[in-house]
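> Below are the sequence and a predicted model for it; my questions follow.
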Amino acid sequence: DATPPVQQSLRYGNPAFRSWFAAMLDSTPGWVGKLLPPELQGAAVELLPYLSDSFGNATRIDYGTGHETTFVAFLYCLAALGLVTEADRQALVCVVFNRYLELMRHIQTTYWLEPAGSHGVWGLDDYQFLPFVWGSGQLIGHPLIRPKSIHNDEVLGLYADDY
């Protein structure tokens, strides 16, 4: 919110995103530095591109599933370094990744980011894909919810707050 969008008539791509992105780039070394213990500070040079590239592209003013996947690669790197464990997996998706999505939806709607690599009707979602994968994984073996439940308003209403 520190970088408000500028008034413009373009459908996508508010140029203020470039200022927001530059400020984010200035902040990421500190964020990553706080995550890493002293003996792993050298890994920051490898982690920084994963984190910064997960917020979209400042040149094209766009965001898409590749950026989302880059954030997951950042989380994977944290796991590979031993900073998150098997016991953290559910929280990584349901808390950390969910907060990332909330942030990105705010950024998308504030700066009207172009959907990166959009294929219109060919894509499930222009901006996010992994919530569909992980969400369906949560439903494996569910006694009532089946793929056809997507069309059942009663089932959707009954479980909306749970998934």
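Arrived safely, thanks for sending. Numbers count the residues shown, from 1 in each chain.
> Would you mind confirming that residue 116 makes contact with residue 60?
Yes: if you go by C-beta atoms under 8 Å, residue 116 and residue 60 touch, sitting 7.0 Å apart. C-beta coordinates here come from the backbone N, C-alpha and C atoms, glycine included.
> Please say which of the two ends up with more neighbours.
residue 116 (18 against 14; other C-beta atoms under 10 Å).
> got a list of what that one touches?
Contact criterion C-beta atoms under 8 Å, 6 or more residues apart in numbering gives 56-57, 60, 62-67 as the residues in contact with residue 116.
> would you list those in CSV and tack on distance to residue 140, secondary structure and pLDDT?
CSV is the format used below for the contacts of residue 116 (distance: C-beta to C-beta, whole Å; DSSP: H, G, I helix; E, B strand; the rest coil; pLDDT from 0 to 100):
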residue, distance to residue 140, secondary structure, pLDDT
56, 32, coil, 95
57, 34, strand, 95
60, 37, coil, 92
62, 33, strand, 92
63, 29, strand, 92
64, 27, coil, 88
65, 22, helix, 88
66, 26, helix, 90
67, 27, helix, 93
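> show me what contacts residue 134?
Residues 93, 97 are the ones in contact with residue 134 under the rule C-beta under 8 Å, 6+ apart.
> check which helix or strand covers it.
If you go by DSSP states H and E, residue 134 is part of helix 130-138.
> For residue 85, which non-adjacent residue is closest in space?
For residue 85, the nearest residue in space outside its immediate sequence neighbours is residue 79; the separation is 7.5 Å by C-beta to C-beta, 6 or more residues apart in numbering.
> before we move on, what about residue 83?
Per C-beta to C-beta, 6+ apart, closest to residue 83 is residue 35, 6.6 Å.
> Give me the neighbour count for that neighbour.
The criterion is other C-beta under 10 Å. On that basis, residue 35 has 17 neighbouring residues.
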